[in-house]
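Peer 1: fold the following and give me the result.
(chains A and B)
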Amino acid sequence: MAENKSKPGSLLIKGGQLVDPAAKINALMDILLRDGRVAEVALPGKIRGGADETFNARGLIVAPGFIDLHVHLREPGQSYKETIATGTAAACAGGFTTVCTMPNTAPVVDSAELVAWLRKPERAALVNVFPIAAATRGSRGVELTDFAALQRAGAIAVTDDGKPILEDDVMRAALRLGAELNLPVVQHAEDTRLTEGASMNEGPTSFRLGLRGMPAAAEANIVDRDVTLAQQIRESRIHVAHLSTAEALKAVRRGKRAKARVTCEVTPHHFTLLDQDVGDYDTNFKMNPPLRSATDREAILVALADGTIDAIATDHAPHATHEKQVEFERAAFGITGLETALALAITKLHREHKISLTRIVELFTSGPARVFDLPGRGSLARGNVADVTIFDPTKRWTFEAAKSRSLSRNTPFDGWQFTGKVVATIVGGRIVYRGT
Amino acid sequence: MIHRLKSERMMTPARGSLLDIEHLEDKEILRLLQLARRMNPKKARPLLRGKRIMLLFYEASTRTRSSFEVAAQSLGALTTLVQSSGSSIEKGESLLDTAYTLRAVGADAIVVRHPAAGAPHLMARHIDLPVINAGDGMHEHPTQALLDAFTILKHKKTLKGLRIAIIGDVYHSRVTRSNCHLLSRFGAKITLCGPPELVPDVAATLAPGLSITRHVEEALRGTDVVMLLRVQQERLAGRKIQLQDYVARYQMTMARLKLAKRDAIVMHPGPIIRGLELTSEVVDCPQSVIVDEVRNGVCTRMAILARAMGKG
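Peer 2: This next block holds a predicted model:
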């Protein structure tokens, strides 16, 4: 990991607009990074003494490093789809300085050894990689993993992502053990008893295309159950991954009102696209949870604006061409997302739906940092980790999948014109990405 | 504003392809029906002499396969049948690789039946040959809809204002999806009938002018065309249905058929299960045009193949 390398020199970021929602700052500020930490934040021109390097951020937004709570980097075992090296290259191009990796690899990350393996320097990660470990052995949903050992090895949460923890007893036990260790349980909320053989959202489009549909209730039922459990089990923490339906949002709101420790994330594709965008069986629009109805997207947009949603997470899920250029029902679920997340947030949420840039930055920084309790991250307060994302909110550009840094090309956004682009990504005080 | 260019580098389907009714223009439908009227398998000109038509069947078929074969051969074309069992498909070859292989051995057009919805669309996006959909999963069966329209128009002057009852397993029926698109576009009034497990409310959103009833008597009263559908038990996948209840509530009997107009015709895309969705008496009654449908399938598919090869 980047942190383990030799200490970077000092870096002065000058003349940028600092947007740091946790510190309640939205002003022109200079920032000095030294020894991998934030050494000083001051009004323009007020930082005395030189730095080894100066970055001119005039006209740009300087934000805490973006944190993605939900990525699939496919190692170990599926390096033909992505590696930690290629996935983190895509991450830094998208402005992410920290990514949390999902355990549904081959084998499943259900042991301390595998968690440690993910964190080794040999993986050549360009950004911070925080593993989320499996909640049950082999993610089979039966026997809990050793949460304490996983946490000691560096796991920041547990999940069986890709699959839900269906059994009430298992979920209750996971939340109890998580509560003892202050470890969040991340749920892929899908009642698989209602989604057998289904490949998209249930609705007029699935009926027209002759595809079996996943009802919104398959997600909402599980979120509802989990929120109820979280209310019953003191200090337990439940995080709803890739929330996609209006009904599930109601359950999250209920939990938050009751002061349960319930958090949730949404993906850029769910706030941008609809089930009808599947068109004539375009497998780059196939993911799980699926693209939903206009009503669901509307509810998500409201919840993004009003603070109910804690974080934007990409669910970056790379797949090889041969897994996508097949019959829709047979195609793998998932799309890449690291390089288009900020652009979609600015283009759709800010410009189209008038959500403030401060709120957007919060959804990428302090919001996710709070979800998993990542100390020293999500804000550029003095002494914090020197992870910084610098972007131009007005830059127009066209995303070309062929130029992606990910090993895979399965994106629905190929050729899309965006506003808002990452200019530089700084991890531990070191510039790991410079935009062109 | 986001301007979408395209998400996959894909080709548009080759001219002459027939992937679904939904995107087929009205004038194309009318042209095909007109062409079908001029086709006669007993005295056809060899319009397609030397052409190779590949019949790629990933699913069982009696009517569609044999009538495509007879249609192609009547026009002088050569046909080759490739089925999933006994071919490299069994060994795990992908749909696209199979398509490229058929192209390389000299196919001029591919007729494909597949259990996955959209399989013909996938092929058509990747090869420069006409692709004809002979039924894809629960999606569409466009050639059946064309032969059904052809059959109806042999008995009724026009589709406009015609009342059509479609009774049975609508959810799993690709024939119904194609028929609803075609018939509703030409002004027919369609009533879908069956239990909610087989006729979900969302079915009414498929095309304009569709309505749903749970009562077979209501569907039948005053109708011009009765279309029956088999309960596709092989596709039920978790949807529970009691066949005895189905028979009691929805089976077409001579007594129920009397509720329809006196000159109503009875249709069924086949295969029929006597004693289940309809009685033997209904199959064989004078109003039944079930065998005519099969017969009309040959000339309709002759027209479709001729169009595919630019001879329409």
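
Peer 1: rest of the way, CA atoms for contacts and neighbours
Peer 2: Fine.

Peer 1: near chain A, which residues of the stretch 101-250 of chain B show up?
Peer 2: The stretch 101-250 of chain B comes close to chain A at residues B:116-119, B:121-122, B:137-140, B:171-172, B:174, B:177, B:202-203, B:205-206, B:237, as judged by Cα under 8 Å from any Cα of the partner chain.

Peer 1: so which of these are in helices?
Peer 2: Secondary structure assignment by DSSP state H places B:119, B:121, B:122, B:174, B:177 of these in helices.

Peer 1: now those as JSON lines including neighbour count, pLDDT and distance to residue A:227?
Peer 2: Rendered in JSON lines, the data for these read as follows (neighbours: other Cα atoms under 10 Å in any protein chain shown; pLDDT from 0 to 100; distance: Cα to Cα, whole Å):
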{"residue": "B:119", "neighbour count": "25", "pLDDT": "98", "distance to residue A:227": "40"}
{"residue": "B:121", "neighbour count": "23", "pLDDT": "98", "distance to residue A:227": "42"}
{"residue": "B:122", "neighbour count": "23", "pLDDT": "97", "distance to residue A:227": "41"}
{"residue": "B:174", "neighbour count": "24", "pLDDT": "98", "distance to residue A:227": "40"}
{"residue": "B:177", "neighbour count": "28", "pLDDT": "98", "distance to residue A:227": "40"}
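
Peer 1: let me know the average pLDDT across stretch B:102-115.
Peer 2: Confidence over stretch B:102-115, taken as the mean pLDDT, stands at 97.

Peer 1: no no, stretch A:178-190
Peer 2: For stretch A:178-190, the mean per-residue pLDDT is 98.

Peer 1: distance between the ends of it?
Peer 2: When the termini of stretch A:178-190 are compared using Cα to Cα, to the nearest Å, they are 21 Å apart.

Peer 1: partner strands of the helix or strand containing residue B:226, parallel or antiparallel?
Peer 2: Using DSSP states H and E, the element containing residue B:226 is strand B:225-228. Sheet pairing of strand B:225-228 (DSSP bridges) gives strand B:163-167 (parallel), strand B:265-267 (parallel).

Peer 1: what ranges do the helices span in the chain?
Peer 2: Since no chain was named, I'll use chain A. When secondary structure is read from DSSP H, chain A shows helices at A:84-93, A:112-118, A:147-153, A:168-181, A:204-209, A:216-232, A:246-257, A:268-272, A:294-306, A:321-324, A:341-344, A:357-364, A:366-371.

Peer 1: you looked at the wrong chain, it should be chain B
Peer 2: The residue ranges that make up the helices of chain B, judged by DSSP H, are B:26-38, B:63-74, B:95-104, B:119-126, B:142-155, B:174-185, B:216-220, B:243-250, B:254-257, B:280-284, B:290-308.

Peer 1: now do the fifth one: which elements does it pack against?
Peer 2: Just to be clear, that refers to helix B:142-155. helix B:26-38, strand B:131-136, helix B:174-185, helix B:290-308 (3 or more Cα pairs under 8 Å, 6 or more residues apart in numbering or on different chains; DSSP states H and E).

Peer 1: gap between the last one and the chain center?
Peer 2: Taking Cα atoms, centre = their mean, to the nearest Å, one finds helix B:290-308 lying 11 Å from the centre of the chain it belongs to.

Peer 1: residue A:18 contacts residue A:24, correct?
Peer 2: No. Contact criterion Cα atoms under 8 Å: residue A:18 and residue A:24 do not qualify, at 10.0 Å.

Peer 1: so between the two, which is more surrounded?
Peer 2: Neighbour comparison, residue A:18 and residue A:24: the larger count goes to residue A:18, with 24 against 10 (by other Cα atoms under 10 Å in any protein chain shown).

Peer 1: and the stretch 251-400 of chain A, which residues reach chain B?
Peer 2: Within the stretch 251-400 of chain A, the positions adjacent to chain B are A:280, A:281, A:282, A:284, A:325, A:326, A:327, A:328, A:329, A:347, A:348, A:352 by Cα under 8 Å from any Cα.

Peer 1: what parts of the stretch 51-200 of chain A come near chain B?
Peer 2: So the stretch 51-200 of chain A meets chain B at A:196, A:197 (Cα under 8 Å from any Cα).

Peer 1: run a quick neighbour tally on residue A:146.
Peer 2: Residue neighbour count, defined by other Cα under 10 Å, stands at 17 for residue A:146.

Peer 1: any idea how far chain B is from it?
Peer 2: Distance of residue A:146 to chain B, computed by Cα to the nearest Cα, to the nearest Å: 36 Å.

Peer 1: count the neighbours of the residue lying closest to that residue once chain neighbours are set aside for me.
Peer 2: Of all residues beyond its chain neighbours, the one nearest residue A:146 is residue A:111 (7.6 Å), with distances taken as Cα to Cα, 6 or more residues apart in numbering or on different chains. Taking other Cα under 10 Å as the neighbour definition, residue A:111 ends up with a count of 21.
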